[in-house]
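>>> okay, structure incoming, though there's no sequence with it:
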């Protein structure tokens, strides 16, 4: 009788594989791909002058690690190291439990080009993904064995979670749902929801203090972008040009110059295009600006809803044309004069492969949202294991926390989002993939599985039809600006 080689996998084997893949990933992407945002942050590191357009936590961490390596290399090591640490620990925990195929599947998730390709770009999204996977890996290694995490590991885990919260402005909608769901108290679903909402409000209030007072970042006006984006979107959809918050002349200019793009807010920030149109609003105090937006949304709820749905469809990449921009990671670093160079030809080939794969449903966030909802329903319906602690199922608990975290971020995009880059969805996509593997030890309820498959097929069919029937979009940044 043949023996399945996978059945002989041990945590030691997984550790060796994960370490080898981490080293190989570093060699592939060295010294890291730098985007426009990367260059801007590195200039802050070199100058010692920070602002809050990009969360300053990453620039400060970069400055701290700069003595360990030149240019972007310390940050590349950080994000790929934590990425493979987290996936390796989860895979090793599954191998320890005798789930060898699931352990292999977790490693394969880490190798998927849309995930690993973006992890080779030195960017806050990759830093966020690495930090969260590192923290989840540490927690999962102990949780999946029904063991309490040693107190000595609380500090590195807390640091990873705190860094994740600070490294992206919207990470609060990821990290806090994850932590509250994993926490033993409060126990009830309603209590957890209330606790999570309170925690989100508190962190949103505290984060500016941390950025400006502790990290000493100058104000850049970034907090106004969401309101400007939504006000322009409403104005473009009010037929008579009398949108609350904009003058008739401003509203007419928004329409005439196509300033309101569902794809991103950038036309409103470009002075040569639409930036001057919003100058009066941009000069308002932030509180006044958002009160103006609230009044406009209340007076024009249909226009506001249509604007938000158009953007949500764009960022979820559902009913969009083929080759919807900003899906694939760049193959070369942004031209710069600060020493951020590009990886070798092997990395460019990898990113070219990624560019092909992101055009498939693997690169459609909407498909992952359907899978996440289906998996969450499966996990919540999962009976507890009476052979162990009857009140706990660590596999279900960890999978549920990952899925709640993923869906909480996706839900936040319905109200708080101004751009359609695929990288903003990396954590929900990876978290969903890992959760599905965790829950694969038991067959899902047929009713839930069938409903999920039907909805997913409808999404794929409609998304595929939109890509076939829609005219191709511009493939340059200037073209998307209009």
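That came through, no problem. Keep in mind it's a predicted model, so treat the numbers as computed, not measured.
>>> mind checking what secondary structure the nearest residue to residue 273 once chain neighbours are set aside has?
Here the nearest residue to residue 273 in space, its sequence neighbours aside, is residue 267; by CB to CB, 6 or more residues apart in numbering that works out to 4.9 Å. Every residue, glycine included, has its C-beta placed from N, CA and C. Of the three states, residue 267 takes helix under DSSP: H, G, I helix; E, B strand; the rest coil.
>>> quick one, what contacts residue 267?
Residue 267 makes contact with 257-261, 273-274, 481-482 under the criterion CB atoms under 8 Å, 6 or more residues apart in numbering.
>>> filter these to the buried ones?
If you count burial by 16 or more other CB atoms under 10 Å, the buried members of the contacts of residue 267 come out as 259-261, 273-274, 481-482.
>>> could you dump the residues you listed into JSON lines with pLDDT and secondary structure added?
Listed next are the buried ones among the contacts of residue 267 as JSON lines, based on pLDDT from 0 to 100; DSSP: H, G, I helix; E, B strand; the rest coil:
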{"residue": "259", "pLDDT": "88", "secondary structure": "coil"}
{"residue": "260", "pLDDT": "90", "secondary structure": "coil"}
{"residue": "261", "pLDDT": "92", "secondary structure": "coil"}
{"residue": "273", "pLDDT": "82", "secondary structure": "coil"}
{"residue": "274", "pLDDT": "86", "secondary structure": "coil"}
{"residue": "481", "pLDDT": "81", "secondary structure": "helix"}
{"residue": "482", "pLDDT": "75", "secondary structure": "coil"}
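>>> and of those, the nearest to residue 183?
residue 261 (40.1 Å; CB to CB).
>>> tell me the contacts of that closest one?
By CB under 8 Å, 6+ apart, the contact set of residue 261 is 267, 480-482.
>>> could you rerun that using 7 Å?
The contact partners of residue 261, by CB atoms under 7 Å, 6 or more residues apart in numbering, come to 267, 482.
>>> any idea how far residue 58 is from it?
Separation of residue 261 from residue 58 (CB to CB, to the nearest Å): 27 Å.
>>> try residue 99
35 Å.
>>> the two: who's more crowded?
residue 58 (27 against 22; other CB atoms under 10 Å).
>>> pretty sure that one contacts residue 125?
No. The pair residue 58 / residue 125 is not scored as a contact, 10.2 Å apart, by CB atoms under 7 Å.
>>> how is this protein carved up into domains?
7-218+337-469, 222-316 (automatic domain parsing).
>>> which residues does the helix or strand hosting residue 250 contact?
Taking DSSP states H and E as the criterion, residue 250 maps to helix 248-256. Residues outside helix 248-256 that contact it (CB under 7 Å, 6+ apart): 232, 235-236, 238, 241-243, 260, 277.
>>> show me which residues of that helix are buried.
250-251, 253-254.
>>> with stretch 364-381 instead?
So for stretch 364-381, counting by 16+ other CB under 10 Å, buried means 364-379.
>>> ok, stretch 183-203 next?
Buried positions in stretch 183-203, judged by neighbour count with 16+ other CB under 10 Å: 192, 195-196, 199-200, 203.
>>> stretch 307-327 too?
Applying 16+ other CB under 10 Å to stretch 307-327 flags 307-308, 310-320, 324-327 as buried.
>>> among those, name the ones in helices.
307-308, 310-316 (DSSP state H).
>>> how about CSV for these, with distance to residue 470 added?
Shown next, in CSV, are those (distance: CB to CB, whole Å):
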residue, distance to residue 470
307, 19
308, 21
310, 14
311, 17
312, 17
313, 12
314, 12
315, 16
316, 15
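>>> could you export those as JSON lines, including distance to residue 53 and pLDDT?
Listed next are those as JSON lines, based on distance: CB to CB, whole Å; pLDDT from 0 to 100:
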{"residue": "307", "distance to residue 53": "24", "pLDDT": "97"}
{"residue": "308", "distance to residue 53": "23", "pLDDT": "97"}
{"residue": "310", "distance to residue 53": "25", "pLDDT": "97"}
{"residue": "311", "distance to residue 53": "20", "pLDDT": "97"}
{"residue": "312", "distance to residue 53": "24", "pLDDT": "98"}
{"residue": "313", "distance to residue 53": "27", "pLDDT": "98"}
{"residue": "314", "distance to residue 53": "22", "pLDDT": "97"}
{"residue": "315", "distance to residue 53": "20", "pLDDT": "98"}
{"residue": "316", "distance to residue 53": "25", "pLDDT": "98"}
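>>> can you pick out the most distant pair from the residues you listed?
307 and 316 (14.9 Å).
>>> could you look up the SS state of residue 423?
With three-state DSSP as the basis, the three-state label of residue 423 is helix.
>>> quick one: it from residue 96, how far?
On the measure of CB to CB, residue 423 and residue 96 end up 33 Å apart.
>>> so the two - more neighbours on which side?
Taking neighbours as other CB under 10 Å, residue 423 and residue 96 compare with residue 423 leading, 21 against 17.
>>> pretty sure the more buried one contacts residue 120?
No. Counting by CB under 7 Å, residue 423 stays clear of residue 120, with 11.8 Å between them.
>>> so what's residue 136 up against?
Residue 136 touches 86, 90, counting by CB under 7 Å, 6+ apart.
>>> an error on my part: the question was meant for residue 322.
Neighbouring residues of residue 322 by CB under 7 Å, 6+ apart: 359, 467, 472.
>>> what do you get if the cut-off is 10 Å, keeping everything else the same?
Contact partners of residue 322, counting by CB atoms under 10 Å, 6 or more residues apart in numbering, are 359, 464, 466-473.
>>> list only buried entries from those residues.
With burial judged by 16+ other CB under 10 Å, the buried subset of those is 359, 466-467.
>>> which ones among these are found in helices?
Mapping the buried ones among the contacts of residue 322 onto helices (DSSP H) picks out 466-467.
>>> export the buried ones among the contacts of residue 322 as JSON lines, with columns for pLDDT.
Listed next are the buried ones among the contacts of residue 322 as JSON lines, based on pLDDT from 0 to 100:
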{"residue": "359", "pLDDT": "96"}
{"residue": "466", "pLDDT": "97"}
{"residue": "467", "pLDDT": "97"}
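>>> let me have the buried ones among the contacts of residue 322 in CSV, extended by distance to residue 158.
As requested, these are exported to CSV (distance: CB to CB, whole Å):
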residue, distance to residue 158
359, 39
466, 43
467, 43
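>>> which of the buried ones among the contacts of residue 322 sits closest to residue 394?
residue 359 (37.0 Å).
>>> go ahead and confirm that closest one touches residue 323.
Yes. In terms of CB atoms under 10 Å, residue 359 counts as a neighbour of residue 323; the distance is 6.8 Å.
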